[in-house]
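>>> Next come a sequence and a model predicted from it.
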Amino acid sequence: MNYPSSLNDLIESLKKLPSIGEKSAERLAFAIMNMDEEEANVFSKSIKNVKSKIKRCKICGNITEEEICEICNNESRDNSLLCVVEDSKNIITLEKIGTYTGKYHVLDGLISPIDGKGPDDINIKSLIEKVKNNNIKEVIIAISPTLEGETTALYISKLLEGSDVIVSKIAYGIPIGADMEYLDPMTLSMALSNRNKIS
């Protein structure tokens, strides 16, 4: 026996979400179906609002409901520091730490020849223009240490070579409290490469 078509449509829609397979989609669909009317309306409205209200900040590319995001609008932030991230989720992560006081630039992807993504497919051109046209002293590259991340970081640093701008990259290494015995070789390799002088 098949599910009623409306429930089946919901299951198919949920399967389009990342990491959601057939069984998870069925569980979620039944959970939505069993919501009371008010809960279901709030759920439905929140999806519509995300699609209609969220846009990209005209300056940094972060997600916002305004033309310019609150970080770019904040005059107390350091305009000479620019942190380059892959996507808006990275900004939220860095902001939770509460120690970074500069501005951001969202690349909206990474260079990945395997996926057919080159430098023109992500926001590198606007980054270079921003660095040249503003009084930026340091560009901090804060992207994952994957092959794509390293390729993108290298490409950006090459484009900014010869300018007066410092290009730095966040350090990767061993998390505090980690047992050396359980660390993967890549993490250990990064920790050795990014070691800091202590005396």
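All right, it came through fine. Residues are numbered from 1 along each chain as shown.

>>> Kindly list the longest strand within this structure.
Longest strand in the chain, counting residues (DSSP state E): strand 78-85.

>>> Who are the contact partners of the residue positioned nearest the centre of the chain?
For the chain, residue 87 is the residue whose C-alpha lies nearest the centre (CA atoms, centre = their mean; 2.5 Å). Under the criterion of CB atoms under 8 Å, 6 or more residues apart in numbering, the neighbours of residue 87 are 106, 107, 108, 109. Just so you know, the C-beta spots here come from the backbone N, C-alpha and C atoms, and that holds for glycine as well.

>>> quick one: which of those sit in strands?
residue 106.

>>> what would the contacts of residue 87 look like in JSON lines with neighbour count?
Listed next are the contacts of residue 87 as JSON lines, based on neighbours: other CB atoms under 10 Å:
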{"residue": "106", "neighbour count": "25"}
{"residue": "107", "neighbour count": "23"}
{"residue": "108", "neighbour count": "16"}
{"residue": "109", "neighbour count": "16"}
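
>>> hmm, back to that, per-residue confidence averaged over the longest strand of the chain?
Average pLDDT, strand 78-85: 95.

>>> Can you measure across stretch 90-104, start residue to end residue?
10 Å (CA to CA, to the nearest Å).

>>> contact partners of that stretch?
Residues from elsewhere that reach stretch 90-104, judged by CB under 8 Å, 6+ apart: 59-60, 62, 71-72, 76-85, 106, 138, 140, 142-143.

>>> what is the mean pLDDT for stretch 120-134?
Mean per-residue pLDDT for stretch 120-134: 93.

>>> what element comes up after the longest strand of the chain heading to the C-terminus?
Using DSSP states H and E, the next helix or strand after strand 78-85 towards the C-terminus is helix 88-97.

>>> gap between that following helix and the chain center?
Averaged C-alpha coordinates place helix 88-97 at 8 Å from its chain's average position (CA atoms, centre = their mean, to the nearest Å).

>>> State the number of residues packed around residue 43.
Residues contacting residue 43 under the criterion other CB atoms under 10 Å number 12.

>>> who touches whichever helix in the chain runs longest?
Identified as the longest helix of the chain according to DSSP state H is helix 37-53. Contact with helix 37-53 is made by 32, 35, 65, as judged by CB under 8 Å, 6+ apart.

>>> Buried among these? Make that a ChimeraX selection.
The following ChimeraX line selects those of the contacts of helix 37-53 that are buried, judged by 16 or more other CB atoms under 10 Å:
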select :32
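
>>> of all the contacts of helix 37-53, which comes closest to residue 116?
Closest approach between those and residue 116, by CB to CB: residue 65, at 31.9 Å.

>>> is it true that the closest one touches residue 54?
Yes. Shown here, residue 65 and residue 54 form a contact pair, counting by CB atoms under 8 Å, at 6.4 Å.
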